[in-house]
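Q: Next come a sequence and a model predicted from it.
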There are 4 protein chains.
Amino acid sequence: MPASADPSEPLTLIALLSGPDQPGLVARAAMWIYEHGGNILHADQHRDDTENIFFQRLEWIPPRGGDQLAQGAAFSSYAADQLGMAGRVALSIDRPRVALFVSKADHCFHDLVLRFQSGEMRGKLACVISNHDDLAEASAHYRLPFHVVPMTALNKTAAEAKQLEFLRQYNVSLVILARYMQILSDSFLGRACVPVINIHHSFLPAFAGGRPYHQAHTRGVKLIGATAHYVTAKLDEGPIIAQDVSRVSHRHNVDDMVRRGRDLEKMVLAQAVRWHLENRILIYRNKTVVFD
Amino acid sequence: MPASADPSEPLTLIALLSGPDQPGLVARAAMWIYEHGGNILHADQHRDDTENIFFQRLEWIPPRGGDQLAQGAAFSSYAADQLGMAGRVALSIDRPRVALFVSKADHCFHDLVLRFQSGEMRGKLACVISNHDDLAEASAHYRLPFHVVPMTALNKTAAEAKQLEFLRQYNVSLVILARYMQILSDSFLGRACVPVINIHHSFLPAFAGGRPYHQAHTRGVKLIGATAHYVTAKLDEGPIIAQDVSRVSHRHNVDDMVRRGRDLEKMVLAQAVRWHLENRILIYRNKTVVFD
Amino acid sequence: MPASADPSEPLTLIALLSGPDQPGLVARAAMWIYEHGGNILHADQHRDDTENIFFQRLEWIPPRGGDQLAQGAAFSSYAADQLGMAGRVALSIDRPRVALFVSKADHCFHDLVLRFQSGEMRGKLACVISNHDDLAEASAHYRLPFHVVPMTALNKTAAEAKQLEFLRQYNVSLVILARYMQILSDSFLGRACVPVINIHHSFLPAFAGGRPYHQAHTRGVKLIGATAHYVTAKLDEGPIIAQDVSRVSHRHNVDDMVRRGRDLEKMVLAQAVRWHLENRILIYRNKTVVFD
Amino acid sequence: MPASADPSEPLTLIALLSGPDQPGLVARAAMWIYEHGGNILHADQHRDDTENIFFQRLEWIPPRGGDQLAQGAAFSSYAADQLGMAGRVALSIDRPRVALFVSKADHCFHDLVLRFQSGEMRGKLACVISNHDDLAEASAHYRLPFHVVPMTALNKTAAEAKQLEFLRQYNVSLVILARYMQILSDSFLGRACVPVINIHHSFLPAFAGGRPYHQAHTRGVKLIGATAHYVTAKLDEGPIIAQDVSRVSHRHNVDDMVRRGRDLEKMVLAQAVRWHLENRILIYRNKTVVFD
């Protein structure tokens, strides 16, 4: 549902589509928009030659005075029925509601909140959910609803049910794990029905699992990394969205790596969230296509 | 003129176009190709909102058995007459003939020749031209015609006439200045009628002119760079194609910077030449659009 | 004056010295410390062969139970009198008081304050001074004294006098210009008697002066940068401390560059401030030696 | 044994030492050199706080007219006997003899040979050994002895014996695996008695083993890497010397990754070899300390 957005920003429709490759997809999709009075601003496509799949992101200005939502729906139907392409069409002024999951570490939390508040992100922070109360006061300062859902081995099912309730209550369509230190169960993921983005503090697939900076220090690598990915049932194996690295040397102990890693984590997570909210990411075969 | 190319590579047509923006350009160009039996592999576009110019790169597989050159020409006419877009259409198997201008430094020379010989570049080295004879033997080893054209303040006009003669004789359509240490005159550039790519050993516009590593060392910068650009009449001010940097510290003296800079220069110049030969670059307003 | 610091952090003395090069400097400085019961943790040195200057950073654990300040002073005298080396000796638990100068942009402000509050910086934010009141509320939230000193062409002398008064009042030993948009006069710099670190939003010396992202966009560079430097009387020409760059393309308009530049500015300024507060920087000949 | 070197280069002694940490190591080592007429140019040290090991690299100009080899040996004895530090002392003009192992890929081969021939490396290429004859002609052109030692599952023991014979015959003190596609047996490594540097075409520990670019493409990572490491009995698990990465996206297929990877491999392997030959690397606990 459209919410607050910069009024000077031109309203556009954004389609993210994928389907079996066939001749004419670029032409026919573009022609439909042209013939319905739209003016295409961006048209990106990608073809996976091995899998024979075609991916497309189209962004266009719909005709003035028309019903934009209706045009989006009509194009979506055309793409599905005539082009065999599945996907969705979003309005550029959509501001999806986002839940932030945190534990004790606050660097990604502050970084993301400040980016949302500065208008850099096309979304709206709806609530903060944590298994600890450390960030309660900071959330209050930012005027964000904050809920503690303690998590133990014994209460996990009930606690996740409580989390799911909050997702529904706040009408959330994206969950960000901003250094949230609990593993989400398959059941939670299955029932949440919204994408979940996590930041892992290593260059995956290197150093999956716990204490990646300790692992990196022990192995003696010369670069440390961070990886933002969609969460799937397999821990640290979901589709990768963004990665970056930073140079380290023997001079860096684990604490130094942790400190430098914080900057990487902030940058990489923010990048992934921004791309997601700008409707730039398609997922397939446990990989992502990012039209940046 | 088509020359030797990998026979397994699918033959494609590549159009690089630009012109005043108007609705329907994406749709109409793609539809023309579709209706003429082509299958679009890549379609990139860019719009400069300030200048209201539209840029497009289309790469497609023409119908089998047809006359590919004729289809390219027909599309070119359509784009010009119906869409108001100027540009050119190339065949992917084209291997333009390239002249390498060198002086004494040999790092970019060896790097480029090895890349051309490995098949990494969509072009054919036609000759090496130098104002010194240092690289005569190396060129002979690579079986490349090598011509010395000595250059002094007094003989510049005659020497450049000789260089131009070689460009015609070898039917060259691209000149690469691989650390060629002479400045090309306006007259040469005007009469060469082919693009000239230069590598400047700094992060332009910082440290234009001579001895950029000395300038960088004196200024105490923490990164050194290299810049590949098209050569225009204004020294070091032509459209930038590619740039990269490398970290330095107080530990690096000028010689260290020169050594590290050599690696930057090789990588950046090779990148620019590859993009040019793959028909990925459009020039406008002293800038480039690179569809990479 | 020593202030609050992590009690688990081992107390060390840190000497930053420079002087004419001569044989034996490494040995004699280290031997003095060894003979006075100190245990050297880090010993970095650099020799500028052209200028024949020797630079040294020594960090050591002084003997337990002794008077650390006295040992620092004694070493300082020894270095000056016997080795001809000028410099200073700091205690690792020193937390110099820092003034933050800001205008309207808040990204470096939030980033630095959060880093100081997380304990990442070896300093103490003493006050925020601005020519606008935009960041008054945010400063109040962070419990930082905030002072507006409006600055016009007419009142510059009086306004700077007011700023200098605040520096004295808060006993400040470092000024950070966190996107402060006024030029400090020579007179201010001369009378402030403390180092001033600025963040310039370009890769200096490229695009010095105003509106660097606009300049970068017009020139069509492929990398944008940020530079942290000590402020001197010559605008944007002071000793460079840290620089970094980020890749851009024709797809990025000026606003995109500004947004991406914000991340660069935050990282580069924080890096420079951290190095300064950890006593890692020596200045000479308008350059820096950074022992990182 | 000293061989050809730049005569203008000042002759220095370089000590690489490690041993249990104790107070006074920096002072006493430096004082020994000072008292024996040496002038220290570079003194780097590192302390591993967890393991309580001290590492040191000292480079100094010995007194004129003295016996440099004797001073190196004397310092080595002093360090062992009085400081408890093991290690070695090299002369800067040493040019160790190097064997290059290759298979069919030629990019690292050409890159390294050109760097050795340009004088960038402090070593001398003694011979090229391959399990294929593809690079015979290129080696001949470079005037490098080339030996084919075919390698099959059946003849591995005999073939490695032949390789070891060449190492002895050419008096080799470093082996470089420049994309050599055979696994060296434990027996070979044990009997070779010289360090072996390998380039692995991934960011280890990610994608160890075969076909790393295929693995990277399947996993959908956003950065590909290369790792230079010393070879140990455990495949791809030896001490890492240097690593670097390059950004990739969904647009890059496996062939593109292979091509971009070649540049990474060349740069990272050359960096590791340069550091090794400049006596900048200490190994411990399967990690490296690199004094760069």
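A: Yep, it's here. Numbering: from 1, shown residues only, chains lettered A, B, ... in the order given.

Q: right, and the helix or strand after the lengthiest helix in chain A?
A: Counting by DSSP state H, the longest helix found in chain A is helix A:254-277. Toward the C-terminal end, the helix or strand that comes next after helix A:254-277 (DSSP states H and E) is strand A:281-284.

Q: wait, does the next helix or strand after that next one contact chain B?
A: Using DSSP H and E, the helix or strand that follows strand A:281-284 in sequence is strand A:287-290. No: Strand A:287-290 does not reach chain B (C-beta under 8 Å from any C-beta of the partner chain); its nearest approach is 13.9 Å. Every C-beta, even on glycine, is put in place using the N, C-alpha and C of the backbone.

Q: next one: strand A:287-290 to chain centre, how far?
A: 12 Å (C-alpha atoms, centre = their mean, to the nearest Å).

Q: try stretch A:239-258
A: 22 Å.

Q: re earlier: could you give me the buried positions within the longest helix of chain A?
A: Within helix A:254-277, the residues scored as buried using 16 or more other C-beta atoms under 10 Å in any protein chain shown are A:254, A:257-277.

Q: cool, and stretch A:38-52?
A: For stretch A:38-52, using 16+ other C-beta under 10 Å, the buried residues are A:38-48.

Q: would you turn these into JSON lines with pLDDT?
A: Below are the buried residues of stretch A:38-52 laid out as JSON lines (pLDDT from 0 to 100):
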{"residue": "A:Gly38", "pLDDT": "95"}
{"residue": "A:Asn39", "pLDDT": "92"}
{"residue": "A:Ile40", "pLDDT": "93"}
{"residue": "A:Leu41", "pLDDT": "91"}
{"residue": "A:His42", "pLDDT": "91"}
{"residue": "A:Ala43", "pLDDT": "92"}
{"residue": "A:Asp44", "pLDDT": "93"}
{"residue": "A:Gln45", "pLDDT": "93"}
{"residue": "A:His46", "pLDDT": "93"}
{"residue": "A:Arg47", "pLDDT": "92"}
{"residue": "A:Asp48", "pLDDT": "90"}
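
Q: could I get those residues as a markdown table with distance to A:Pro23 and secondary structure?
A: Output for the buried residues of stretch A:38-52, formatted as a markdown table (distance: C-beta to C-beta, whole Å; DSSP: H, G, I helix; E, B strand; the rest coil):
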| residue | distance to A:Pro23 | secondary structure |
| --- | --- | --- |
| A:Gly38 | 22 | coil |
| A:Asn39 | 25 | strand |
| A:Ile40 | 20 | strand |
| A:Leu41 | 25 | strand |
| A:His42 | 22 | strand |
| A:Ala43 | 17 | strand |
| A:Asp44 | 19 | strand |
| A:Gln45 | 13 | strand |
| A:His46 | 16 | strand |
| A:Arg47 | 11 | strand |
| A:Asp48 | 16 | strand |
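
Q: Please verify my assumption that A:Arg28 contacts A:Leu83.
A: Yes: A:Arg28 is in contact with A:Leu83 according to C-beta atoms under 8 Å; the separation is 6.2 Å.

Q: How is chain A divided into domains?
A: Per automatic domain parsing, the structural domains of chain A span A:3-91, A:96-290.

Q: Highest mean neighbour count out of the ones you listed?
A: domain A:96-290 (a mean of 19; mean count of other C-beta atoms under 10 Å in any protein chain shown).

Q: before we move on, back to that, and the longest helix of chain A, is it in reach of chain B?
A: No: figure legend: helix A:254-277 not in contact with chain B (C-beta under 8 Å from any C-beta); closest approach 14.8 Å.

Q: Is any residue of that helix near chain C?
A: Yes: applying C-beta under 8 Å from any C-beta, one finds that helix A:254-277 is in contact with chain C at A:259, A:263, A:267.

Q: Find me whatever residue is spatially closest to A:His36, sequence neighbours aside.
A: A:Gln71 (6.4 Å; C-beta to C-beta, 6 or more residues apart in numbering or on different chains).

Q: Identify the residues contacting that neighbour.
A: Contact partners of A:Gln71, counting by C-beta atoms under 8 Å, 6 or more residues apart in numbering or on different chains, are A:13, A:36, A:38, A:62-63.

Q: hang on, the earlier thing: can you name every helix or strand that the longest helix of chain A contacts?
A: helix A:107-117, strand A:174-177, strand A:196-200, helix A:212-219, strand A:223-230, strand A:240-247 (3 or more C-beta pairs under 8 Å, 6 or more residues apart in numbering or on different chains; DSSP states H and E).

Q: 6 Å - rerun?
A: Packing partners of helix A:254-277 (3 or more C-beta pairs under 6 Å, 6 or more residues apart in numbering or on different chains; DSSP states H and E): helix A:107-117, strand A:196-200, helix A:212-219, strand A:223-230, strand A:240-247.

Q: Describe which strands the last one pairs with in its sheet and in which direction.
A: Sheet neighbours of strand A:240-247, with direction, are listed as strand A:223-230 (antiparallel) (DSSP bridges).

Q: How about exporting the partner strand as PDB, limited to the C-alpha atoms?
A: Extracted in PDB, the C-alpha atoms of strand A:223-230 (Å, rounded to 0.1, in the frame of the first residue of the first chain):
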ATOM      1  CA  LEU A 223      41.000 -10.700   3.800                       C
ATOM      2  CA  ILE A 224      37.900 -10.800   6.000                       C
ATOM      3  CA  GLY A 225      34.400 -10.500   4.600                       C
ATOM      4  CA  ALA A 226      30.700 -10.100   5.100                       C
ATOM      5  CA  THR A 227      27.800 -11.600   3.200                       C
ATOM      6  CA  ALA A 228      24.200 -10.500   3.100                       C
ATOM      7  CA  HIS A 229      21.800 -13.300   2.000                       C
ATOM      8  CA  TYR A 230      18.200 -14.400   2.000                       C
END
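
Q: if you average pLDDT over it, what comes out?
A: Averaged across strand A:223-230, pLDDT comes to 97.

Q: what is the orientation angle of that strand with helix A:254-277?
A: Comparing the axes of strand A:223-230 and helix A:254-277 via axes from the mean of the first three to the mean of the last three C-alpha atoms, to 10 degrees yields an angle of 30 degrees.

Q: Show me the contact partners of strand A:223-230.
A: A:195, A:198-204, A:216, A:238-243, A:245-248, A:257, A:261, A:264-265, A:268-269, A:272, D:243 (C-beta atoms under 6 Å, 6 or more residues apart in numbering or on different chains).

Q: Likewise for stretch A:193-212?
A: A:173-177, A:215-216, A:225-231, A:236, A:245, A:261, A:265, A:269, A:272, D:205-206, D:219.

Q: Show me which residues of the stretch 1-150 of chain A sit near chain D.
A: Contact residues (C-beta under 6 Å from any C-beta of the partner chain) of the stretch 1-150 of chain A with chain D: A:His46.
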